[in-house]
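> this one's structure only:
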């Protein structure tokens, strides 16, 4: 296939226009074919588009760090968390959080998710149209993460805008005006979660973390920051995946039926690969490194375009096709290596249950309008998804 030319003086220009957020993948394909590793001056970062290169960086925290202090950057104490530390500091807090999540009764969690899913869809079944994002994806994701953490249900009218401002701030390198609102939102969320360690619930992830934090030898500020991150990331990863997954399933006739007949875990992996809610992540190059003819120096930033990696034809035959039985499927939708997403099992649990209920109990579900995408290049997601179930 012949790809249109791309202007390497402005390689990401098409993605910065709202209309092109619907399909970043055609831009990624042109970049990968023309210059798979390139330096993007507005972000002062190397951009990687190939699956093999992105995987290599994610697996090598010795050479490519999430902790920017290793290259001399100043990181405020409130920003130091499981997301921004590297081994060996990262190991203790990640182990503590993983121990807590492994104690979750997964069958019980699945029953709660299924019950909430059926209740949400059942209330909407007779409506002529509704916004799937606001009326299903967000309340389902929020209810699931608070159940797991062991805290009361969130006031979505307050929480969703706060979460969105934090997520939008991840694009502050492109749109600097998004930075201050994101900082304010993080402070607002920190105030909400601030008592979780000192006055923890009786059960759930937070209860375990609070009981064992001191024994784990983790600074309590890092623990508190990480719990805030867990709430936000647990909501964002699930809510965005749910909206995008339903958009994928309803985009073409036959997809919902093919999901119904597929092995659920394989089909959900394919939904994650095609949806790629996390489109990009960044690392600091700690030691001089080389990718083929490209030399990346210590101290330089590296941005991994995970959405591009998940459509790399060198790794995924027919990469733009929906193949619910695709195996193997080494997508990078939840990262890889030391910083792979802690909440991915619960995000995929929700996606599997929701997709199963939708495709089996509402076989006539359909899109009523083009999905409306958020103006966010780091976390891909929808503002609205108008559908009907009957």
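Looks like it came in fine. Note that the coordinates shown come from a computational prediction; the quantities given were computed from them, not determined experimentally.
> going forward, measure contacts between C-alpha atoms and count neighbours the same way
Noted.
> quick one: neighbours of residue 376, just the number.
If you count neighbours by other Cα atoms under 10 Å, residue 376 ends up with 23.
> list phi and psi for it.
Backbone torsions of residue 376, given as degrees, to the nearest 10, read phi -150, psi 120.
> so where does the nearest residue to it once chain neighbours are set aside fall, helix or strand?
Excluding the flanking residues, the one nearest residue 376 by Cα to Cα, 6 or more residues apart in numbering is residue 168, at 6.1 Å. Using DSSP states H and E, residue 168 sits within helix 156-168.
> what residues does that helix touch?
By Cα atoms under 8 Å, 6 or more residues apart in numbering, the surrounding residues in contact with helix 156-168 are 138-139, 142, 178, 181-183, 185-186, 188-189, 232, 236, 375-376, 379.
> in that helix, what's buried?
Under the neighbour-count criterion of 16 or more other Cα atoms under 10 Å, helix 156-168 has 159, 160, 162, 163, 164, 165, 166, 167, 168 buried.
> which residues of the stretch 51-200 of the chain fall in strands?
64-65, 130-131 (DSSP state E, counting those that start in this stretch).
> which of these sits closest to residue 112?
Nearest of the strands of the stretch 51-200 of the chain to residue 112, taken as Cα to Cα: strand 130-131 at 22.3 Å.
> quick revisit: mind checking pLDDT for the residue nearest to residue 376?
pLDDT, residue 168: 97.
> also residue 16?
Residue 16 carries a pLDDT value of 68.
> one step back: how close does the residue nearest to residue 376 sit to residue 67?
Counting by Cα to Cα, to the nearest Å, the gap from residue 168 to residue 67 is 21 Å.
> try residue 322
36 Å.
> skipping adjacent residues, who's closest to residue 258 in space?
Distance criterion Cα to Cα, 6+ apart; nearest residue to residue 258, sequence neighbours excluded, is residue 324 at 7.2 Å.
> mind checking the SS state of the one you found?
coil (DSSP: H, G, I helix; E, B strand; the rest coil).
> OK, contacts around it?
Contacts for residue 324 (Cα under 8 Å, 6+ apart) come out as 258, 259, 262, 263, 266, 267, 268, 270, 271.
> burial count for the spatially closest residue to the fourth one that is not a sequence neighbour?
This means residue 263. Using Cα to Cα, 6+ apart and skipping residues adjacent in sequence, the residue nearest residue 263 is residue 325, 7.0 Å away. Residue neighbour count, defined by other Cα under 10 Å, stands at 19 for residue 325.
> wait, what's in contact with residue 325?
Applying Cα under 8 Å, 6+ apart, we find residue 325 in contact with 262, 263, 266, 267, 270.
> how about residue 339?
Taking Cα under 8 Å, 6+ apart, we find residue 339 in contact with 58, 83.
> pLDDT below threshold where in this structure?
1-9, 14-20 (pLDDT under 70).
> ok, back up a step: which one of the strands of the stretch 51-200 of the chain lies closest to residue 24?
Nearest to residue 24, of all those, is strand 130-131, at 23.1 Å by Cα to Cα.
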